[in-house]
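Undergrad: Got a predicted structure plus its sequence, pasted below:
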Amino acid sequence: MAQKNKKSGKKWVADVTTDSTHPPEGLFTKDAATIAHTLASKKVSPKGPGSGMRMLTYFMNRGGKNLSVTRYRELERAKKLLSQRFSKNKGAKAA
């Protein structure tokens, strides 16, 4: 259960802002492969695919009940693809 800000009654996540990642406008409305590929790029996620995964999860959590079932499934597919890419990168660094 999310904590609420005592002053305004808003959830803490409403105050989160970041400038470390730069997803293109409308990225999360595209197909899963495009989303995963874009979020894995150094241009969008300077710290790698893990950062992109957190960004995607954050977007899905913020969308919550407002996401359609088909959009949510497509975003889940993107998470799976991104996870596979993240696993490949992690394995390559360990070797």
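TA: Received it, and whenever you're ready, just let me know what you need.

Undergrad: Flag every buried residue along the helix or strand hosting Lys80.
TA: Lys80 is part of helix 69-94 when elements are defined by DSSP states H and E. Buried residues in helix 69-94, counted by 16 or more other C-beta atoms under 10 Å: 74-75, 78-79, 81-82, 85-86. Glycine gets a C-beta too; all of them are placed from N, C-alpha and C.

Undergrad: The spatially most central residue of the chain sits in which helix or strand?
TA: Closest residue to the average C-alpha location of the chain: Leu56 at 1.2 Å, with C-alpha atoms, centre = their mean. Element membership for Leu56 (DSSP H and E) is helix 49-63.

Undergrad: Report the angle between that helix and helix 69-94.
TA: Put simply, helix 49-63 runs at 160 degrees to helix 69-94, going by axes from the mean of the first three to the mean of the last three C-alpha atoms, to 10 degrees.

Undergrad: How far off centre is helix 49-63?
TA: 2 Å (C-alpha atoms, centre = their mean, to the nearest Å).

Undergrad: Counting by contacts, list what the lowest-mean-pLDDT helix or strand in the chain packs against.
TA: When the helices and strands of the chain are scored by mean pLDDT, DSSP states H and E, helix 69-94 comes last with a mean of 83. With contacts defined as 3 or more C-beta pairs under 8 Å, 6 or more residues apart in numbering; DSSP states H and E, helix 69-94 has these neighbours: helix 32-40, helix 49-63.
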